[in-house]
Structure formats: C-alpha cells, structure tokens
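Participant: here is a sequence with its predicted model. Questions after.
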Amino acid sequence: MDMFEMFEDYAKEQEKEEPKEPVSNSSYSSYAPQNSMDSSKLIVISVGGSLFFKGKPDSAGIAKFASSINELRQRGYSFVLVCGGGETARNYVSAGKALGANNFELDEIGINVTRLNAQVLTNSLDNAYPSVLTEVKQAKKALLQGKIPVFGGLLPSFTTDAVSALIAEYLNASVLVNLTNVDGVYSMDPKEHSHAKYFNNLSYDKLISLMKLAESKPGQHMVLDLPCCLIIKRSKIKTIVMDGNDLENFKSMIIGMDFKGTIISSEAKEE
Ligand code: UTP
C-alpha cells in the first residue's frame, strides 16, 4: 500500500467517525431538544479558566458543572461552551516568554492550553461534540447533530470571552453567560477594594466606560475584555456575569428564577 492509499483509508475511517445524524445513545436523549438551534433556549457559556484550571484540572468541579449542563439539557436548553486557560495558560505563557517567544507565539501557547482544557471538559459531558472545535461556524453543525459544541480559543490577540461573544452573535443565542470566580461586575476589583460597587444591571456603554477606567489604572482588569464588550454591544447580546462556583444559582438563572449576577443589556437603567 502506498502513501496515497494509506491516506485514503485514513480519510474513510475519519468519515465513519464523523457523526452525521443525531446520536441517541444517552439515557436523556428523548428529552433533549430535537432542534438544538432554537435560539430562544440556546445559551453560550464562557467557562473561566480560573474556575477549574488552577494548577491542575479540578476534575470533581468539572464533573459537577457537567452534570448541571446535562440536567439542563434534559429540560430543553442547549449550550455552547467556551473554555478559558486559567493558571495553566498563564504558567505556559510565562515559560514561553522567558524562553523568547513573541506575542503571537505566546497567544498560540495560550490557545493550545485553552483547547486542552476544553478537551477535558468535553470528556465530562454526556453529549459533547467529540473534538474541540476550532471555527465559529462549526458550532451550528454540531448543534444540528444534537451535540454540545465545545471551544477553546480561536485567534491570537483574542480571549475566550471574546470568542464566546462571537459565537453568541453568530448563533443569535438568547444569552451569553460568563462564569467566573466573582459574583458579577464591580466598579473595581472587589478582592482588592472593599468599597467596590456591585452592579445588578449594566448598559453596554456603562460597562465599556468602567473598563476604560480600570485599564487606566495599573494592575486592574475587568472581568470582561474590550473586544468581548464591543461585540455584545454591537449585537445587543444579553450577557450575564456570575459566579461559576455556585451551580444552584447558575441553574436558577437558566430556568428563569431569581439569581445573583450582573445583567448587561440595552435596557439597563443607571444604578
Ligand atoms: P483566556 O481566554 O483564558 O485569557 O485565554 P484570559 O482572559 O487572559 O484569562 P483569565 O480569564 O484572566 O483567566 C488564555 C490566553 O490564551 C490566548 C491569550 O494569550 C490569552 O491570554 N488566547 C486565548 C488567544 O490568543 N486567543 C483566543 O482566542 C483565546
């Protein structure tokens, strides 16, 4: 067998592995949304790397998060997940920096770590698309197959928050949720400033002005970054920032009950 024949065989095998139809092999598939493209129940989640990837992956925490997602899917919600890099990414990026990598190369390192984290997340879910996706438009295909698309980073100079905003924009998702390790957006870093103001509601413009103020002060950074904010603003994507450690609160928000978190939208009134 020559190289070309070997490649053809390999390609045929890959085709067999690529699911063409929704696969109904899980216990909840009969409840799972038949049309996962119902954008009114489609939620894009940016899973902050700080939640599950501090040093080594927190497999127990990931499993609990995944079971909440599995449970909510049984209620008819569908999800796209975008996983951040966390401390693991920061460690790799600083090693790359110490060894002379330039900014583009450092971002590539960061992207690779986010994808590695995303792969671990994929393994924990009942019905994830089997590989980490690398292009925004692949999300639609995976959803139409009844799968949960899972992404890491996509583009150098971006972050996974901005990636999640782009995906929410492309899919007309009902809401973008940013799960992080604080319970919402504050005027300043609440861990360093006890008098920081908490916002229940924020307009896009107010969020951007808070961000500009934070960026003008050394060492401060907001929970969302500017590219993410500009995307949610231009497409008026309702965005919720909340604590990803409190899964009961997260589930309450998804099913429309009271919850603690900051809602960013065009209807927000000045607080
Ligand atoms: P994160 O999205 O986790 O970045 O990606 P972050 O906002 O710095 O992390 P947290 O929220 O504070 O923990 C990790 C790194 O991967 C690269 C960037 O270098 C980023 O800092 N990255 C990620 C990209 O270059 N492009 C992407 O699309 C995503």
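Facilitator: Received it, and whenever you're ready, just let me know what you need. Numbers count the residues shown, from 1 in each chain.
Participant: can you show me the helices along the stretch 101-250 of the chain?
Facilitator: Here the stretch 101-250 of the chain has its helices, by DSSP state H, counting those that start in this stretch, at 103-124, 138-144, 160-171, 204-215, 226-234, 247-254.
Participant: the ligand: which of those is closest?
Facilitator: Closest approach to the ligand among those is made by helix 103-124 (2.1 Å; Cβ to the nearest ligand atom). In short, each C-beta sits where N, CA and C put it, glycine included.
Participant: confirm that residue 82 sits in a strand.
Facilitator: Yes: assessed by DSSP: H, G, I helix; E, B strand; the rest coil, residue 82 belongs to a strand.
Participant: surely it meets residue 163?
Facilitator: Yes: the pair residue 82 and residue 163 qualifies as a contact (Cβ atoms under 8 Å) at a distance of 5.3 Å.
Participant: which bits of the chain sit near the ligand?
Facilitator: For the chain, the residues in contact with the ligand (Cβ under 6 Å from any ligand atom) are 48-50, 84-86, 89, 93, 106-107, 110-111, 114, 153-160, 163.
Participant: of these, grab the buried ones for PyMOL.
Facilitator: Of the residues of the chain next to the ligand, the buried ones can be selected in PyMOL as follows, counting by 16 or more other Cβ atoms under 10 Å:
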select buried, resi 48+49+50+84+85+86+89+93+106+107+110+111+114+153+154+158+159+160+163
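Participant: ok, the spatially closest residue to residue 203 that is not a sequence neighbour - how many residues close by?
Facilitator: Ranked by Cβ to Cβ, 6 or more residues apart in numbering and with sequence neighbours excluded, the top spatial neighbour of residue 203 is residue 268, at 4.3 Å. Neighbours of residue 268 under the rule other Cβ atoms under 10 Å: 19.
Participant: now swap in residue 55 and tell me
Facilitator: For residue 55, the count of nearby residues is 9 (other Cβ under 10 Å).
Participant: who are the contact partners of it?
Facilitator: Contacts were defined as Cβ atoms under 8 Å, 6 or more residues apart in numbering; by that measure residue 55 touches 87-88.
Participant: cutoff 10 Å now
Facilitator: 86-88, 91 (Cβ atoms under 10 Å, 6 or more residues apart in numbering).
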